[in-house]
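**Student:** the following block contains a protein sequence and its predicted model.
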Amino acid sequence: MEILVVDIETAAHDPRLDDLRILDNSVITEIGVVKLDLESGRVEQLFNEVCSENKVCSPESWIFRNSSLTHDEVSSAPHLNEFKAKLQSLFDKYPTTSWWHEFDLKRLEHPSRGIKIPRKFWDPPFTLKSFLKIPFPDGTSIKRPKVTEAFRFFYPGQNLDHPHRAILDAEVEADIIYQATQRWPELRLDWQNYLISY
């Protein structure tokens with residue numbers, strides 16, 4: 001079985017509202033999509049583009065202070081609309097996931113963008129929470145894992161250089177999903193049992 005793993009980077013239109021929960025303040029600045037073969041673990045890059053949108057993004061946005069992506073790159077990049085047909089053809093063909101559906105997929109499917117993701121694979125942090133059992137610092141309960149925490153679970157002693165660039169993050173996230181499906185085959189064989197409705 002093959003799935004897509006998508007990662008987006010965003011900037012804020014209004015830096016005073018640079019909050020992940022505010023959908024309408026997000027400007028998509030970069031999209032990376034890889035195809036993961038859940039049988040072999042092979043990861044193939046399918047889409048890797050910096051893009052712009054109608055809303056101007058603030059140069060003070062978090063992404064420009066925490067990655068190699070620059071405001072100038074985004075300002076001069078093609079509009080997201082130029083990539084919509086290609087992206088839609090990919091999403092129509094494969095089940096799709098991201099590290100956090102509420103962030104990546106919800107923004108891609110925002111009505112202003114007109115993109116639809118008809119088949120979703122399970123959401124890694126929500127699904128892997130009960131498998132990885134990573135505790136909160138106070139030890140009272142288990143948490144939804146961050147990418148870095150899940151990476152350390154499968155690769156103990158190794159630190160992840162998290163570049164916050166879409167294609168590189170998508171590759172890491174795909175590998176974590178593959179490792180999880182190898183350790184717990186039900187996540188590959190009965191994957192539809194782990195879907196979350198939004």
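**Tutor:** Here it is on my side, so go on.

**Student:** where does Thr140 land on pLDDT?
**Tutor:** Here the pLDDT value assigned to Thr140 is 84.

**Student:** how close does it sit to Asp161?
**Tutor:** 31 Å (C-beta to C-beta, to the nearest Å). (C-beta placed from N, C-alpha, C; glycine too.)

**Student:** quick one: buried residues of the top helix by length along the chain?
**Tutor:** The longest helix of the chain (DSSP state H) is helix 166-183. Within helix 166-183, the residues that count as buried by 16 or more other C-beta atoms under 10 Å are 166-181.

**Student:** likewise stretch 155-167?
**Tutor:** Leu160, Arg165, Ala166, Ile167.

**Student:** what of stretch 104-115?
**Tutor:** Quick answer for stretch 104-115 (16+ other C-beta under 10 Å): Asp104, Leu105, Arg107, Leu108, Glu109, Ile115.

**Student:** which residues does the second one contact?
**Tutor:** With contacts defined as C-beta atoms under 8 Å, 6 or more residues apart in numbering, the neighbours of Leu105 are Val6, Thr96, Thr97, Ser98, Ile117, Lys120.

**Student:** same list, those, but as CSV with neighbour count and secondary structure please.
**Tutor:** Putting these into CSV (neighbours: other C-beta atoms under 10 Å; DSSP: H, G, I helix; E, B strand; the rest coil) gives the following:
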residue, neighbour count, secondary structure
Val6, 27, strand
Thr96, 22, strand
Thr97, 27, strand
Ser98, 26, coil
Ile117, 24, coil
Lys120, 19, strand
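
**Student:** going along the chain, name the helices of the chain.
**Tutor:** 62-66, 71-75, 84-93, 104-108, 124-132, 147-154, 166-183, 186-189.

**Student:** could those be laid out in TSV, adding mean pLDDT and distance to Thr10?
**Tutor:** Shown next, in TSV, are these (pLDDT from 0 to 100; distance: least, C-beta to C-beta, whole Å):
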stretch	mean pLDDT	distance to Thr10
helix 62-66	92	7
helix 71-75	97	10
helix 84-93	98	15
helix 104-108	95	7
helix 124-132	97	18
helix 147-154	96	16
helix 166-183	98	10
helix 186-189	96	28
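
**Student:** adding distance to Leu36, write those helices out as TSV.
**Tutor:** Listed next are those as TSV, based on distance: least, C-beta to C-beta, whole Å:
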stretch	distance to Leu36
helix 62-66	24
helix 71-75	27
helix 84-93	13
helix 104-108	15
helix 124-132	12
helix 147-154	15
helix 166-183	4
helix 186-189	11
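
**Student:** I appreciate the help and will end here.
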